[in-house]
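> Test case, fold it:
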Amino acid sequence: MKQLFPLLPFLALLASPAVAQNAPHIVDLANAEHYVWGGANDGWHFLKRDDLSIIRERMVPGSKEQRHLHRKARQFFQVLSGTFTIEIAGTDFTLKPGQGIEVPPGTPHQAKNLTDSPVEFCVVSMPASHGDRVEAAD
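Next comes the predicted model:
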């Protein structure tokens, strides 16, 4: 899995509907579907399919998501910049750029930015985590 992430743009391109229709296109922050969560954090769908999702996210300093789990989706987080903390099943893990961590299905977790700087990371979910999320107790 470690070697997968330098290939994220390539994987997104191969898996995109446009490629299936013989119309390759490059996905980046300028043309990816954007959303805001938690009032100030950004997400971009680089690939949004039922079987696979690749999202790039930016969390502002001091932010965190609601603790939750996914029934079916297995997720892999890779840090692009900043320091990322993720609580997984009661244990906090702190990751630096280039590091990643897997969250198995059914495992409560919570992404956090405990620093004074933004953190950027990619999340790969298989199958897609949309509609698969269940809020978990703190």
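> can we go C-alpha only for contacts and neighbour counts from here?
OK.
> Where does the prediction get shaky in this structure?
Scanning the chain for pLDDT under 70 picks out 1-23.
> and stretch 102-110, how far out from the chain's middle?
12 Å (CA atoms, centre = their mean, to the nearest Å).
> Ok, stretch 66-80 next?
Per CA atoms, centre = their mean, the displacement of stretch 66-80 from the mean C-alpha position of its chain is 7 Å.
> Buried ones in it, by neighbour count?
Of all the residues in stretch 66-80, those buried under the rule 16 or more other CA atoms under 10 Å are 67-80.
> Restricting to C-alpha, output it in PDB.
Extracted C-alpha coordinates of stretch 66-80, given in PDB (Å, rounded to 0.1, in the frame of the first residue of the first chain):
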ATOM      1  CA  GLN A  66     -16.800  13.600  14.400                       C
ATOM      2  CA  ARG A  67     -15.600  10.200  15.600                       C
ATOM      3  CA  HIS A  68     -17.200   7.600  13.400                       C
ATOM      4  CA  LEU A  69     -16.800   4.200  11.600                       C
ATOM      5  CA  HIS A  70     -17.600   2.800   8.200                       C
ATOM      6  CA  ARG A  71     -19.500  -0.500   8.000                       C
ATOM      7  CA  LYS A  72     -17.900  -1.700   4.700                       C
ATOM      8  CA  ALA A  73     -15.300   0.800   3.600                       C
ATOM      9  CA  ARG A  74     -11.600   0.200   4.300                       C
ATOM     10  CA  GLN A  75      -9.700   3.500   4.400                       C
ATOM     11  CA  PHE A  76      -6.100   4.600   3.900                       C
ATOM     12  CA  PHE A  77      -4.900   8.000   4.900                       C
ATOM     13  CA  GLN A  78      -1.600   9.500   3.600                       C
ATOM     14  CA  VAL A  79      -0.300  12.800   4.800                       C
ATOM     15  CA  LEU A  80       0.900  15.300   2.100                       C
END
